[in-house]
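> pasting the structure only:
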């Protein structure tokens, strides 16, 4: 049997995860909605079919079961997104999970789960659920908060356990003249009723705090909407700009695609300073923003001090050395390289001679390997790692994998987590003429855009305000009754609150103490 609104608890859980858990109470839409729809040109439905459909749809989104299912689904998918690394290279995923699981996870967007269509759908579903539940419950709270003359019954307060009584030798009329200014000063709303042998004062404050939970609801909605806007319309990319050059596009981090900007970025100068130990202490880029070839903004950026233009953030992320512009040195590439192959399965180590461009067979029938290129300066994740070889490892059963072999880091290939680890042991090459230390740099910039960030910031501010109101403030009502019995006036003070009812007894005692000391 469906519950009525009166059966619902007026209190709200302190757990933030249940702030949107309301009630599975069936809610029947007002007939005025249907009338408004029909008057606007909508079709008329016989037998209440359309009304029943809307009722079922409304009940679906106002159901506590839906909220629990959404929250559990988001929790489960978040665990998956934590266990499975996000936005790695396809080759790493293919090596880790195999062809079948790779295709399955790729189809479900597991590798970029938080930007997948189904995760966004869960967020939209949760947003709709919160809005519908809030609208349903808000109508009753609205009548309590914005009523001009709230009704009160003396019998309701007289039966409360939270009350204090004391006597006073002054007459009720004298006490009324003393109490009234104090009550008016402490409570926004107060009402006095006179009786034959005394009077009653009803007072209340912080009625608006009942809306605190809706502030939290609104903040959650803003956080979700802001994150969705940033996820859909924002981007994050990287670009390397040599000194004196201009770029008007960036390479996106997730898809490796080229994204064109509405303006161009020119690196006028790049400077770097060092500690006494030789480690870099600060690197600074002098940038100019160009619109249609004309400079519109100039700024120096360092780490954590970005340049912002048209909602786009430009961060100093990295740097690198470029070859000297005038370099007459002759560097011959190695003629013969000695490679070391280590099998993770057997632990055996093999050494093979290799020449660039020639395919060699790997022992134990593990496949073939070929060195394709020698680089004087190789880049890894925007950093210069020095001399390195590029090779292709073709396993006996599997797809070819590109392998990077920097000479400075012989254990570099272990990060690939393959069954075979490749390293360069030795190389035979001609003498390389000495060159001067390069003094020409490029600046590595991180370029981001998040149009929903201010909505997210607003959500964070609102959730702090809403939580403070919800957990530390309450709607408080007080009742003061003064009646004359014999030569004394007897005073009773009672009160109630929608939250923290245990603390109400202390507030009543404090009020009694204040009234007793009034002269």
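Happy to help now that I have it. Being a predicted model, the structure only gives us computed values, none of them experimental. Numbers count the residues shown, from 1 in each chain.
> Near residue 241, how many other residues are there?
Neighbour count of residue 241, defined by other C-beta atoms under 10 Å: 20. All C-beta atoms are positioned from the backbone trio N, CA, C, and that covers glycine.
> ok, now residue 424?
The burial count for residue 424: 23, using other C-beta under 10 Å.
> How about it: which residues does it bridge to?
Under DSSP bridges, the beta-bridge partners of residue 424 are residue 339.
> Can you tell me, leaving aside adjacent residues, what's nearest to residue 319?
residue 283 (5.1 Å; C-beta to C-beta, 6 or more residues apart in numbering).
> ugh, wrong one, residue 405
residue 389 is the one closest to residue 405 (C-beta to C-beta, 6+ apart), at 4.4 Å.
> just residue 114 next, same as before
The spatial neighbour of residue 114 that comes closest, neighbours along the chain excluded (C-beta to C-beta, 6+ apart), is residue 81 at 6.2 Å.
> which ones are touching the residue nearest to residue 319?
Residues in contact with residue 283 (C-beta atoms under 8 Å, 6 or more residues apart in numbering) are 270-273, 302-303, 316, 319, 443.
> Just say helix, strand or coil for residue 254.
Counting by DSSP: H, G, I helix; E, B strand; the rest coil, the backbone at residue 254 sits in coil.
> didn't it look like it was pressed against residue 112?
Yes: under the criterion of C-beta atoms under 8 Å, residue 254 makes contact with residue 112 at 6.1 Å.
> any common contacting residues for the two?
Counting by C-beta under 8 Å, 6+ apart, the residues touching both residue 254 and residue 112 are residue 87.
> Show me the strands in the stretch 101-250 of the chain, by range?
With strands called from DSSP state E, counting those that start in this stretch, the stretch 101-250 of the chain shows them at 163-168, 189-195, 198-205, 235-242, 246-252.
> ok, back up a step: show the buried residues in the contacts of residue 283.
270, 316, 319, 443 (16 or more other C-beta atoms under 10 Å).
> show me what contacts the second one?
It refers to residue 316. If you count contacts by C-beta under 8 Å, 6+ apart, then residue 316 has 283-285, 301-303, 305-306, 443-446 around it.
> if you look at the residues you listed, which of them are in helices?
Among these, none falls in helices (DSSP state H).
> Format these as CSV; extra columns: pLDDT and distance to residue 393.
Below are those laid out as CSV (pLDDT from 0 to 100; distance: C-beta to C-beta, whole Å):
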residue, pLDDT, distance to residue 393
283, 88, 36
284, 93, 41
285, 95, 38
301, 95, 40
302, 93, 40
303, 90, 37
305, 93, 43
306, 94, 40
443, 93, 34
444, 94, 29
445, 95, 33
446, 95, 31
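> Please dump those residues into JSON lines; it should also carry distance to residue 484 for every row.
As requested, the contacts of residue 316 are exported to JSON lines (distance: C-beta to C-beta, whole Å):
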{"residue": "283", "distance to residue 484": "85"}
{"residue": "284", "distance to residue 484": "83"}
{"residue": "285", "distance to residue 484": "84"}
{"residue": "301", "distance to residue 484": "79"}
{"residue": "302", "distance to residue 484": "78"}
{"residue": "303", "distance to residue 484": "77"}
{"residue": "305", "distance to residue 484": "74"}
{"residue": "306", "distance to residue 484": "74"}
{"residue": "443", "distance to residue 484": "87"}
{"residue": "444", "distance to residue 484": "86"}
{"residue": "445", "distance to residue 484": "83"}
{"residue": "446", "distance to residue 484": "79"}
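> And the residues you listed, which is closest to residue 357?
residue 444 (31.4 Å; C-beta to C-beta).
> Let's have the strands of the stretch 101-250 of the chain in TSV, adding mean pLDDT and distance to residue 483.
Listed next are the strands of the stretch 101-250 of the chain as TSV, based on pLDDT from 0 to 100; distance: least, C-beta to C-beta, whole Å:
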stretch	mean pLDDT	distance to residue 483
strand 163-168	91	10
strand 189-195	90	7
strand 198-205	93	4
strand 235-242	93	72
strand 246-252	93	78
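> and those as JSON lines, adding distance to residue 497?
Below are the strands of the stretch 101-250 of the chain laid out as JSON lines (distance: least, C-beta to C-beta, whole Å):
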{"stretch": "strand 163-168", "distance to residue 497": "13"}
{"stretch": "strand 189-195", "distance to residue 497": "15"}
{"stretch": "strand 198-205", "distance to residue 497": "10"}
{"stretch": "strand 235-242", "distance to residue 497": "48"}
{"stretch": "strand 246-252", "distance to residue 497": "54"}
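> And these: which comes nearest residue 311?
strand 235-242 (11.2 Å).
> quick one, that closest one and strand 246-252 angle?
Calculated by axes from the mean of the first three to the mean of the last three C-alpha atoms, to 10 degrees, strand 235-242 forms an angle of 140 degrees with strand 246-252.
> quick one: strand 235-242 to chain centroid distance?
Relative to the mean C-alpha coordinate of its chain, strand 235-242 is positioned 24 Å out (C-alpha atoms, centre = their mean, to the nearest Å).
> what do you get for stretch 279-297?
Centre to centre, stretch against its chain (C-alpha atoms, centre = their mean), the figure for stretch 279-297 is 30 Å.
> before we move on, what about stretch 191-205?
With C-alpha atoms, centre = their mean, you get 51 Å for stretch 191-205.
> What of stretch 200-212?
Centroid separation for stretch 200-212 versus its chain: 35 Å, with C-alpha atoms, centre = their mean.
> Would you check how far apart residue 369 and residue 402 are?
The spacing between residue 369 and residue 402, counted by C-beta to C-beta, to the nearest Å, is 11 Å.
> Pull out the buried positions in the helix ranked longest in the chain.
Scanning the chain for the longest helix, with DSSP H as the assignment, gives helix 117-145. Of all the residues in helix 117-145, those buried under the rule 16+ other C-beta under 10 Å are 119-120, 122-123, 125-134, 136-138.
> Contacts only, for the residue nearest to residue 114.
If you count contacts by C-beta under 8 Å, 6+ apart, residue 81 has them with 110, 113-114.
> Would you mind checking those residues for buried ones?
Among the contacts of residue 81, the ones that count as buried by 16+ other C-beta under 10 Å are 110, 113.
> Any stretches of the protein with poor pLDDT?
Judged by pLDDT under 70, the chain has its weakly predicted residues at 1-47, 276-278, 323-335, 382, 428-439.
> got a list of what residue 56 touches?
Contacts of residue 56 by C-beta under 8 Å, 6+ apart: none found.
> Quick check: the gap between it and residue 263.
51 Å.
> what's the answer for residue 454, then?
Taking C-beta to C-beta as the measure, residue 454 falls 21 Å from residue 263.
> got a list of what the residue positioned nearest the centre of the chain touches?
For the chain, the residue nearest the mean C-alpha position is residue 227 (6.5 Å; C-alpha atoms, centre = their mean). For residue 227, the contact set (C-beta under 8 Å, 6+ apart) comprises 123, 452, 456.
> which one of those residues sits closest to residue 148?
Distances from residue 148 to the contacts of residue 227, taken by C-beta to C-beta, are shortest for residue 456, at 37.5 Å.
> excluding its backbone neighbours, what's nearest that closest one?
Closest to residue 456 by C-beta to C-beta, 6+ apart is residue 226, at 3.7 Å.
> Turn the buried ones among the contacts of residue 283 into a markdown table, columns for distance to residue 355 and secondary structure.
A markdown table is the format used below for the buried ones among the contacts of residue 283 (distance: C-beta to C-beta, whole Å; DSSP: H, G, I helix; E, B strand; the rest coil):
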| residue | distance to residue 355 | secondary structure |
| --- | --- | --- |
| 270 | 38 | strand |
| 316 | 41 | strand |
| 319 | 34 | strand |
| 443 | 37 | strand |
